[in-house]
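>>> Everything below, folded, please.
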Amino acid sequence: MSAASLARFELALQAAPQLPAPGAYAGATLERWRTLSALAAQDLAACKLAEAHWDALTILADIGAAPPPHARIWSVWAAENPQAPLQLQCQAQGARLTGTKSWCSGADITTHALLTCEDLERGACLALVDMRAPGIAIEGQGWQALGMRHVPTPSVRFEATPATWLGERSVYLQRPGFWHGGAGIAACWYGAACEIAQLLRRKLHAEQPHAAAHLGAMFSQLRAARGMFHALAQRIDDTPHAPWIEEVQALRSFVRGLASDIIERSARAMGPGPLCTDAAHAQRCADLAVWVTQQHAEKDDAALGLAAQAAGIVWEL
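Numbers count the residues shown, from 1 in each chain. Now for the predicted structure:
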């Protein structure tokens with residue numbers, strides 16, 4: 001991880017060791033999303049790791065599990081390899097993890113992680129592991145993309161590593177907070193997209209009508225997304241035990257689209273100059289382009305479409 005991103009990450013955790021859970025009190029959800037958005041505008045690499053840390057603490061609170069007293073930096077690793085899932089075996093002397101977990105962002109600085117795995121007796125589950133425990137090897141860096149290159153994302157090999165079984169995988173996936181957290185990811189994308197638009201606004205001159213048109217299109221999209229965030233945050237605050245699945249899916253889909261469009265429009269409006277000479281802008285665009293692929297594009301949109309069809313949703317004012 002770059003020294004600058006690590007410093008921003010550590011400063012973020014010092015300023016807010018833990019964010020309010022969505023719906024914890026009136027205004028809590030928007031407060032959380034604003035913190036994520038502001039950090040993303042500064043540094044998406046730092047934001048990705050901080051969001052995972054805060055998400056892990058929220059997951060533990062949701063399932064009623066207390067964090068270990070010496071835990072300092074948390075990660076959540078939930079990517080699956082169906083051909084070779086990470087195995088958890090519960091024995092008389094405790095649970096043990098064996099196998100490889102891919103896509104472990106921040107593994108080199110993480111002290112504790114929540115991860116999905118396969119319990120040999122009880123099926124898919126959620127476990128907690130101390131990354132200082134024996135039997136852990138961080139494997140070679142397979143990450144080749146320029147986007148998110150400052151976030152180390154290796155595979156981690158576990159060999160009979162002590163772990164704590166936290167529950168079936170459903171305790172992680174079926175929480176309302178799982179969906180609320182997905183909207184928090186969209187807030188990160190939104191913050192970075194805003195910063196890209198801000199660069200164009202600072203550079204815009206009156207004699208550049210086509211660039212102004214691009215900025216106007218960005219304005220329209222960002223204003224609409226901002227309204228969606230505010231409306232959903234209010235709903236979560238009012239009814240925190242509801243997952244608001246369709247609303248979260250619609251928000252993520254919309255923000256994913258505007259992020260990609262703003263990256264493209266910024267290049268068309270300003271030309272290659274900023275991408276070639278402004279390191280922060282170039283990295284931000286590359287990072288954002290990679291992170292929004294977490295939204296499974298047409299697969300997620302198809303799920304939303306089927307839900308709309310089944311529910312008979314209408315769109316009249």
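>>> Next, the buried residues of the lengthiest helix in the chain.
The single longest helix within the chain, with elements called by DSSP state H, is helix 209-238. Of the residues in helix 209-238, those buried by neighbour count under the rule 16 or more other C-beta atoms under 10 Å are 211-212, 214-215, 217-218, 221-222, 225, 228-229, 232-233, 236-237. C-beta: built from backbone N, CA, C; applies to glycine.
>>> what's the following helix or strand after it?
Note on helix 209-238: by DSSP states H and E, the next helix or strand toward the C-terminus is helix 245-270.
>>> Tell me the helices and strands packed up against that following helix.
Packed against helix 245-270, as judged by 3 or more C-beta pairs under 8 Å, 6 or more residues apart in numbering; DSSP states H and E, are the following elements: helix 176-203, helix 209-238, helix 279-291, helix 297-311.
>>> Recalculate using a threshold of 10 Å.
Applying 3 or more C-beta pairs under 10 Å, 6 or more residues apart in numbering; DSSP states H and E, we find helix 245-270 packed against helix 176-203, helix 209-238, helix 273-277, helix 279-291, helix 297-311.
>>> can you pull the buried residues of the first one?
It refers to helix 176-203. For helix 176-203, the buried set under the neighbour-count rule, 16+ other C-beta under 10 Å, comprises 176-197, 199-200.
>>> now the third one
Neighbour-count burial for helix 273-277, counted by 16+ other C-beta under 10 Å, picks out 274, 275.
>>> How about residues contacting that helix?
Taking C-beta atoms under 10 Å, 6 or more residues apart in numbering as the criterion, the residues outside helix 273-277 that touch it are 196, 199, 200, 203, 263, 266, 267, 280, 281, 282, 285, 286.
>>> Would you reformat the residues you listed as JSON lines and include distance to residue 157 and pLDDT?
Below are those laid out as JSON lines (distance: C-beta to C-beta, whole Å; pLDDT from 0 to 100):
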{"residue": "196", "distance to residue 157": "38", "pLDDT": "98"}
{"residue": "199", "distance to residue 157": "41", "pLDDT": "97"}
{"residue": "200", "distance to residue 157": "45", "pLDDT": "97"}
{"residue": "203", "distance to residue 157": "47", "pLDDT": "91"}
{"residue": "263", "distance to residue 157": "35", "pLDDT": "98"}
{"residue": "266", "distance to residue 157": "40", "pLDDT": "97"}
{"residue": "267", "distance to residue 157": "40", "pLDDT": "97"}
{"residue": "280", "distance to residue 157": "35", "pLDDT": "96"}
{"residue": "281", "distance to residue 157": "37", "pLDDT": "98"}
{"residue": "282", "distance to residue 157": "34", "pLDDT": "98"}
{"residue": "285", "distance to residue 157": "33", "pLDDT": "98"}
{"residue": "286", "distance to residue 157": "29", "pLDDT": "98"}
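>>> For these, work out which two are farthest apart.
Across the contacts of helix 273-277, the two members that end up farthest from each other (C-beta to C-beta) are 203 and 286, 19.4 Å apart.
>>> picking that back up, from the chain's centre, how far out does the longest helix of the chain sit?
On the basis of C-alpha atoms, centre = their mean, to the nearest Å, helix 209-238 is displaced by 20 Å from the centre of the chain it belongs to.
>>> ditto for stretch 31-39
A distance of 12 Å separates the centroid of the chain from that of stretch 31-39, by C-alpha atoms, centre = their mean.
>>> tell me which residues of it are tucked away?
By neighbour count, with 16+ other C-beta under 10 Å as the criterion, the buried positions of stretch 31-39 are 31, 32, 33, 34, 35, 36, 37, 39.
>>> Mark which of those residues are part of helices, please.
Secondary structure assignment (DSSP H) places 31, 32, 33, 34, 35, 36, 37, 39 from those within helices.
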